[in-house]
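*Asks:* The amino acid sequence is not available; the structure is as follows:
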Ligand SMILES: [Fe+2]
Ligand SMILES: [Fe+2]
């Protein structure tokens, strides 16, 4: 129960996954509080979609408790369970309305959000109403293209009579994914997160990337992926898993990691176009100009976002294998090459010139196989489909040429 000493007139909402919370969040919240004379900053950790299992992900409870620990010393900071106690997807509009009910009509709500979100705010649920019932504080790290953002804010404020403010926060150069990455690479996180949070992470061994699936978790993942695609695409996916496991075994890569990457590589391929755009907006996926023109090529990036945000898989090699399996990228790790090659050589894929050779090469030299595979894709796209090739694939082909023995 809330203890109300006096009615609050200005409330700031700081939403986020807080996975984990870090000083960038805290400095931002404090900066907003000071700048706008806020009475209370309410941290609202986001919930998890119900289909998420608990493996390799930080449960809501851990994220909530870390947020409580991190904010305990500031009398103006509070943490809300509103979204983590709610099942399913929570929309900002629902949270804002709920908080208005709790805090009373007199309260002015300032919703703190990243600048990227402002670009897409009109795609949010009931965005026009949202822009009326609360004010926004768009925070950016230094170096962000401020001019463009300010122009957009001005336009929104003019067209929707909204109150969107802008604030630059230097500490935002830190990110949660960066913290997780540092833990994974055994680098220190001291002073990047409050000491209590650091101790909590150590105590519960959070963010360590030992992936070990139970039979039930595998089944849950398979059911989810199967529900997102046609039986034909799922059969292809199973073929990729089988092939990738064979390659992975040779290159000593954990079967569970190979399994997850192969299973999810095409999870977004058959999503309807508008859903693809919605996921891009929701997770601020950046598409290059080529992908923006050929949205089907973005299914790797979209799939990786689903795997990360909805299944809590943070291991970079797995995410990159899904993310870049469409066009490849410079500096691919072995798992990325394996997924790329298994995708091209799985049993169910119709035979094409060079398929058997690529498969054979992949069993003892991934780089040689990559050259043949890239060359084959290149020829197919340019000669058969008569389409343009992604510039990255083109560059990679040049790079892997040295392995054409
Ligand atoms: Fe694909
Ligand atoms: Fe595929």
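*Replies:* Received, thanks. In this text, all values refer to a predicted model and were calculated from it rather than measured experimentally. Ligands and ions are numbered 1, 2, ... in the order given.

*Asks:* How far off centre is whichever helix or strand residue 28 is part of?
*Replies:* Here residue 28 sits within helix 23-36, counting by DSSP states H and E. Relative to its parent chain, helix 23-36 has a centroid offset of 24 Å by CA atoms, centre = their mean, to the nearest Å.

*Asks:* Paired strands for the very next helix or strand once past it, with orientation please.
*Replies:* Reading on from helix 23-36 to the C-terminus, the next helix or strand found by DSSP H and E is strand 40-45. Here strand 40-45 is paired, per DSSP bridges, with strand 10-16 (parallel), strand 77-79 (parallel).

*Asks:* Point out the most buried one among those.
*Replies:* Stretch with highest mean neighbour count among the strands paired with strand 40-45: strand 10-16 (a mean of 22; mean count of other CB atoms under 10 Å). C-beta: built from backbone N, CA, C; applies to glycine.

*Asks:* number of nearby residues for residue 315?
*Replies:* 22 (other CB atoms under 10 Å).

*Asks:* picking up where we left off before, go through the strands paired with strand 40-45 and name the closest to residue 182.
*Replies:* strand 10-16 (18.3 Å; CB to CB).

*Asks:* Quick check: end-to-end length of stretch 247-263?
*Replies:* Start to finish, the residues bounding stretch 247-263 are 15 Å apart (CA to CA, to the nearest Å).

*Asks:* After the lengthiest helix in the chain, which helix or strand is next?
*Replies:* What stands out as the longest helix in the chain, according to DSSP state H, is helix 231-250. Elements were assigned by DSSP H and E; along the chain past helix 231-250, the next helix or strand is helix 255-264.

*Asks:* How far off centre is that following helix?
*Replies:* Helix 255-264 sits 18 Å away from the centroid of its parent chain (CA atoms, centre = their mean).

*Asks:* ok and that helix relative to helix 231-250, angle-wise?
*Replies:* Orientation check (axes from the mean of the first three to the mean of the last three CA atoms, to 10 degrees): helix 255-264 against helix 231-250 gives 150 degrees.

*Asks:* so what secondary structure elements neighbour helix 255-264?
*Replies:* Counting contacts by 3 or more CB pairs under 8 Å, 6 or more residues apart in numbering; DSSP states H and E, helix 255-264 is packed against helix 215-227, helix 231-250, helix 299-311, helix 316-323, helix 334-345.

*Asks:* which stretch among those helices comes nearest residue 158?
*Replies:* Closest approach to residue 158 among the helices and strands packed on helix 255-264 is made by helix 299-311 (32.3 Å; CB to CB).

*Asks:* same for the closest one, what does it pack against?
*Replies:* In terms of contacts (3+ CB pairs under 8 Å, 6+ apart), helix 299-311 is packed against helix 255-264, helix 273-282, helix 316-323.

*Asks:* can you tell if it touches ligand 2?
*Replies:* No: figure legend: helix 299-311 not in contact with ligand 2 (CB under 5 Å from the ion); closest approach 8.8 Å.

*Asks:* For that helix, the averaged confidence score.
*Replies:* Per-residue confidence for helix 299-311 averages out to 94 on the pLDDT scale.

*Asks:* next one: stretch 148-161
*Replies:* The average pLDDT for stretch 148-161 rounds to 89.

*Asks:* and what of stretch 393-405?
*Replies:* Model confidence over stretch 393-405, given as mean pLDDT, is 90.

*Asks:* Stretch 129-139 now?
*Replies:* The predicted confidence, averaged over stretch 129-139, sits at 92.

*Asks:* where's it relative to the chain centroid, distance-wise?
*Replies:* Using CA atoms, centre = their mean, the distance from the centre of stretch 129-139 to the centre of the chain it belongs to is 24 Å.

*Asks:* Show the end-to-end separation of it, please.
*Replies:* This stretch, stretch 129-139, spans 21 Å end to end (CA to CA).

*Asks:* Could you pull out the buried residues of that stretch?
*Replies:* In terms of neighbour count (16 or more other CB atoms under 10 Å), stretch 129-139 has its buried residues at 130, 131, 134, 135, 136, 137, 138, 139.

*Asks:* Fine by me, we can end here.
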